[in-house]
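Chemist: need a structure here:
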Amino acid sequence: MLGKSYSDTKTSSKSPVVSENSNNSETINQIEAALSPTATSDTANNTAVSNSGSGSSSTKATASFPVNINTATVTELDAIPYIGEVKAKAIVDYRSSKGPFQSVQELVNVKGIGPATLNKIKDKITI
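Modeler: Prediction:
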């Protein structure tokens with residue numbers, strides 16, 4: 001395993017503990033950042049960052065908040081915290097079949113988005 005050992009032990013921040021014995025700290029930092037519950041939002045700039053890619057390079061997609069759920073692309077919706085690619089596609093599919101959202105609350109009709117998720121993202125979205 002390239003000199004790395006992984007443990008199921010959790011820290012107080014609920015991140016897995018990773019012991020590193022190689023010079024691949026950038027990859028470890030990217031993994032830890034991706035697992036962080038706050039990795040998707042930058043509240044100081046009111047933007048969301050989605051990291052993707054492999055190796056030492058990454059591509060970042062950003063979105064300005066609030067995101068208009070009636071006009072946003074899958075990529076823009078994916079940048080909203082708690083909304084991944086699958087939910088973003090479901091939002092676009094729902095919008096395509098039912099027409100524009102009449103209210104933010106209507107988002108609970110999209111498969112995978114319930115009241116708890118809506119409550120977490122309501123300040124990040126608009127119609």
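
Chemist: And stretch 118-127, what's buried?
Modeler: By neighbour count, and taking 16 or more other C-beta atoms under 10 Å as the criterion, the buried residues in stretch 118-127 are 118, 121, 124-125. Yep, even glycine has a C-beta here, placed from its N, CA and C like the rest.

Chemist: just stretch 64-82 next, same as before
Modeler: 65-67, 69, 72, 74, 76-82.

Chemist: got it, and stretch 89-98?
Modeler: 90-92, 94-95.

Chemist: Check the secondary structure at Ser96 for me.
Modeler: With DSSP: H, G, I helix; E, B strand; the rest coil as the basis, Ser96 sits in helix.

Chemist: now do the one 5 residues further on
Modeler: In the three-state summary, Phe101 is assigned as coil, counting by three-state DSSP.

Chemist: Could you measure from it over to Ala90?
Modeler: 13 Å (C-beta to C-beta, to the nearest Å).

Chemist: thinking again about what came up before, in terms of distance to Lys111, which of the buried residues of stretch 118-127 ranks first?
Modeler: Leu118 (13.3 Å; C-beta to C-beta).

Chemist: could I have the helix or strand that contains that closest one exported to CSV, CA atoms only?
Modeler: Following DSSP states H and E, the helix or strand that holds Leu118 is helix 115-121. Only the C-alpha atoms of helix 115-121 are listed here, as CSV (Å, rounded to 0.1, in the frame of the first residue of the first chain):
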residue,chain,number,x,y,z
PRO,A,115,-37.2,18.5,4.2
ALA,A,116,-33.9,18.1,6.0
THR,A,117,-31.8,18.7,2.9
LEU,A,118,-34.0,21.6,1.8
ASN,A,119,-33.5,23.2,5.3
LYS,A,120,-29.7,22.9,4.9
ILE,A,121,-29.6,24.5,1.4
